[in-house]
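[1] show me how the following folds:
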Amino acid sequence: MRSRAIIPLAVGLAVGVLAIKLFTDVLKKAKGATNNDTVQVVCANTDINPTMEIKDSMVEMTTVPRSLAPKLVFTRKDEVIGRVAGMTIPRGMAVIPTLLAPKGTPPGMATRIREGYRAVAVKVDEFAGVAGWIRPGSRVDVVAVMQTENQGARRGTVSKVILDNIEVLAVGQDLGTTGEVSAAITKSVTLLIRPEDVPRLHLAATKGTIKLAMRNQRDADTGNGMETTDKDLLSTPSTAPAEAEAPDAPERPSLLSRLLSRQPKMNADKTDKATDVLQVQVAPPQQTQPTSEPWRVEVMSGAQREEVWFSSPETGARRLENKPNDRGRHGQVGIPPQGVPRQPVLEAAGVDQDSAHRETQGSQEPTE
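    You can find the predicted model right below:
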């Protein structure tokens, strides 16, 4: 009986020892690594804002597992003291090189200027600065308002967008490190621009007035080059650009004009010889040149009377050698009409002007 009771007791004891061993191993893994697997790293004990110089009171040494420590972490405080923060370092975060400005960078604005850019401050007021709502990090368009000369004589005003989608580095002395989000009226705004835009901005600020237009952070549309002059301001409003650009629609004819256009036109020059009925034509009649009638001049030389015929009463008319057939009733005779000089006609007939004028006064009459 005793031998049978000892066997189960021995098996139970062995299982218990194995369970204790497994539990101990799991507990050691849960507690983490031993003292040989930890490392001392530099961490921030307060929030460090950008452009600030790191001092000894801002950092502390913290022990962390080696497996959790960043690869580029600083392990000594003297490696970060005196450096300038390039980005915000939250409290409790390990300090790494990517959060710091390059060595030798002075604290302040210089750390915010990216490579290939320039920081330029412009003078603003409550109106030019969008009532104080522009904050560091905002995106703005720069508008220049200045006086211009038109062809060297007439002066005018022009408003033009000279820079667009520009980042604001600072508003007054605020670099965006205080966390203030309320509106603040300042006298200057610092912009981050390209080197080639620096002369344009300075010239515009010297010649005229600088205005800022705040834009959405995600708005990528460009407005550079848009301008408005006095003439544009007084011209047609831009509220309906589609109507201004659309071509003028042809005017619809009225009811009366459409009815009149359908009426046939009569051509009196063309008739039907068989029926003597006027032909109806839709097309307008062709205009014919009026034919001039021959002109008869009676020349009195003493008791002799002579008739001279011309092709027309106009100056330079051709003299007819033979008397026209049946022209007595149709031709005109006598003094040429008003505006037609007599001298060319008489000279063409070979008659002295003065004698013909004296002898023919009162004796000229049209042929019936």
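
[2] list the buried ones in the longest helix seen in the chain?
    In the chain, taking DSSP state H as the definition, the longest helix is helix 2-31. Buried positions in helix 2-31, judged by neighbour count with 16 or more other C-beta atoms under 10 Å: none. For the C-beta atoms, the positions are set from N, CA and C on the backbone; glycine is no exception.

[3] immediately after that helix, which helix or strand?
    strand 38-44 (DSSP states H and E).

[4] which residues are contacting that following strand?
    58-66, 69-70, 73-77, 79-80, 89-95 (C-beta atoms under 8 Å, 6 or more residues apart in numbering).

[5] avg pLDDT for the lengthiest strand in the chain?
    Criterion DSSP state E: the longest strand present in the chain is strand 154-171. The average of the pLDDT scores along strand 154-171 is 86.

[6] what do you get for stretch 217-228?
    The model assigns stretch 217-228 a mean pLDDT of 77.

[7] now list the buried members of the contacts of strand 38-44.
    Of the contacts of strand 38-44, these count as buried by 16+ other C-beta under 10 Å: Met58, Val59, Ala69, Val73, Phe74, Lys77, Val80, Ile89, Ala94, Val95.

[8] how much space separates the fourth one from Gly156?
    This points to Val73. Val73 sits 63 Å away from Gly156, going by C-beta to C-beta, to the nearest Å.

[9] do the last one as well
    Val95 is 58 Å from Gly156, where distance means C-beta to C-beta.

[10] just the fifth one next, same as before
    Phe74 sits 62 Å away from Gly156, taking C-beta to C-beta as the criterion.

[11] show me where this protein has helices.
    Using DSSP H, helices in the chain cover 2-31, 198-207, 230-234, 241-245, 255-261, 343-349, 353-360.

[12] can you list the low-confidence ranges for the protein?
    1-3, 30-36, 150-154, 175-184, 223-224, 236-292, 322-368 (pLDDT under 70).

[13] the same query, at a cut-off of 50, please.
    Scanning the chain for pLDDT under 50 picks out 239-241, 243-244, 268, 270-282, 326-351, 353, 355-368.

[14] how is it carved up into domains?
    With domains defined by automatic domain parsing, the chain comprises 36-99, 112-234, 295-360.
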